[in-house]
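**Q** coords below, sequence missing:
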Ligand code: MD3
Ligand code: FE
């Protein structure tokens, strides 16, 4: 054992292993990370999410390749993101109820406005909010969000509940993604040149959150049209 310690460089002792420090110090241009920004809104957000999920329940969606996603989803706003064997698209109607999605709750709009203002980004009114629900083990593969008409509107993401390691890649699939830890209340905004980066979520690890129990919920606000 002594031999091993002597063989190490002293700096190695102070280097935190990558797995324990997944949040990089430097973020790429157009990526804005607001640690814990939504914590004060969490109870109100969670109540609104429960209401939305009573009206339009979380459901597993099928990808065009015929695989069921591990994440369950619902939406609010003018447009909802849906996927079935015919492909991905936005729809004004919930395919389960054939009714319109519920309107965005005012606390959602206020939070997006507060986050954009904090980052000195132009304010916009989102017309879609995709609500992803991750149970332990759920994940999201590397993908791009490009079903929206105008990529100059940033995507605002709000994380609640269990932590996740978020993967942020490049503009092509072959670039090794960096890992960013997203915890309860964290907001990440993908603007400008980061808007079309490949991204995904590693499997959620077992845990318990006092407000959301054994789940992670992610809200993504978008402007579709
Ligand atoms: C980076 N959701 O719903 S949010 C999605 O945590 C999605 O549920 C993930 O990817 C989640 O499409 C990640 C953060 C996020 C959202 C959009 C992005 C990161 C992004 C668009 C471009 C680059
Ligand atoms: Fe995405």
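**A** All right, it came through fine. This one's a predicted model, so the numbers in the text were calculated from it and none came from an experiment. Ligands and ions are numbered 1, 2, ... in the order given.

**Q** ranges for the helices of this protein?
**A** 2-7, 10-14, 42-55, 106-118 (DSSP state H).

**Q** and residue 86, which of those is closest to it?
**A** In terms of C-beta to C-beta, the element of the helices of the chain nearest to residue 86 is helix 42-55, at 24.3 Å. (Glycine included, C-beta is placed from N, CA and C.)

**Q** relative orientation of that closest one and helix 106-118 in degrees?
**A** With axes from the mean of the first three to the mean of the last three C-alpha atoms, to 10 degrees defining the directions, helix 42-55 sits at 130 degrees from helix 106-118.

**Q** List the buried residues of helix 42-55.
**A** Residues of helix 42-55 classed as buried under the neighbour-count rule (16 or more other C-beta atoms under 10 Å) are 42, 44-45, 48-49, 52-53.

**Q** Ligand 1 contacts on this protein?
**A** Applying C-beta under 6 Å from any ligand atom, one finds that the chain approaches ligand 1 through 130, 132, 140, 145, 155, 157, 166, 168, 188, 190, 194-195, 197, 199, 201, 218, 220.

**Q** make it 8 Å
**A** With C-beta under 8 Å from any ligand atom as the criterion, the chain comes near ligand 1 at residues 31, 71, 81, 130, 132, 134, 140, 143-145, 155, 157, 159, 164, 166, 168, 182, 188, 190, 194-201, 216, 218, 220.

**Q** can you tell me which of these are in strands?
**A** Of the residues of the chain next to ligand 1, the ones assigned to strands by DSSP state E are 31, 71, 81, 130, 132, 134, 140, 143, 155, 157, 159, 164, 166, 168, 182, 188, 190, 199-201, 216, 218, 220.

**Q** out of the buried residues of helix 42-55, who's nearest ligand 1?
**A** Of all the buried residues of helix 42-55, ligand 1 sits closest to residue 49, with 13.3 Å by C-beta to the nearest ligand atom.

**Q** so how far is residue 108 from that closest one?
**A** Distance from residue 49 to residue 108, counting by C-beta to C-beta, to the nearest Å: 9 Å.
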